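Asker: let me see the structure of the following:
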Amino acid sequence: MTKRNERTETAGEAYSRRAADIKAQIETLTVRLEMHRGSHKDRPADWGYVGDLGHLKEILANAIEFIGSGR
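Answerer: Numbers count the residues shown, from 1 in each chain. Sure thing, here's the model as predicted:
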C-alpha cells in the first residue's frame with residue numbers, strides 16, 4: 001500500500017524529488033567508482049576488484065531494465 005506524505009506532497013512533487021535523489025546517487029556512484037579505481041592502483045591484476053565491478057554492472061543493468069520497462 002502506498003502512503004502519501006504527511007504534508008500532502010503531490011505525486012509530481014514526489015516524482016521530482018525522487019528523480020533528483022537518484023541523480024545525486026548516480027553522481028555519488030561516479031565519484032565512488034573513481035575512488036575504487038584509485039584503491040587498487042598498486043594491484044591492478046587483482047580479480048576481486050573486477051568482481052566488484054561485475055556485480056555492480058549486474059545491479060545497474062537490472063535498474064536500467066526496470067526504468068526502461070515503461071511501467
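
Asker: where does the chain dip in pLDDT?
Answerer: In the predicted model of the chain, residues 1-6, 44-45, 70-71 satisfy pLDDT under 70.

Asker: and the lengthiest helix in it, what other elements does it pack with?
Answerer: Determined from DSSP state H, the single longest helix within the chain is helix 11-39. In terms of contacts (3 or more C-beta pairs under 8 Å, 6 or more residues apart in numbering; DSSP states H and E), helix 11-39 is packed against helix 47-67. No exception for glycine: its C-beta is placed from N, CA and C like everyone else's.

Asker: contacts made by the helix it packs on with the rest, please.
Answerer: His36, Ser39, His40, Arg43 (C-beta atoms under 8 Å, 6 or more residues apart in numbering).

Asker: now that helix and helix 11-39, what's the angle there?
Answerer: 160 degrees (axes from the mean of the first three to the mean of the last three C-alpha atoms, to 10 degrees).

Asker: related to what we said a few turns ago, next, format the contacts of helix 47-67 as TSV and append neighbour count and distance to Ile59.
Answerer: Converted to TSV, the contacts of helix 47-67 look like this (neighbours: other C-beta atoms under 10 Å; distance: C-beta to C-beta, whole Å):
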residue	neighbour count	distance to Ile59
His36	13	14
Ser39	11	19
His40	14	20
Arg43	9	24
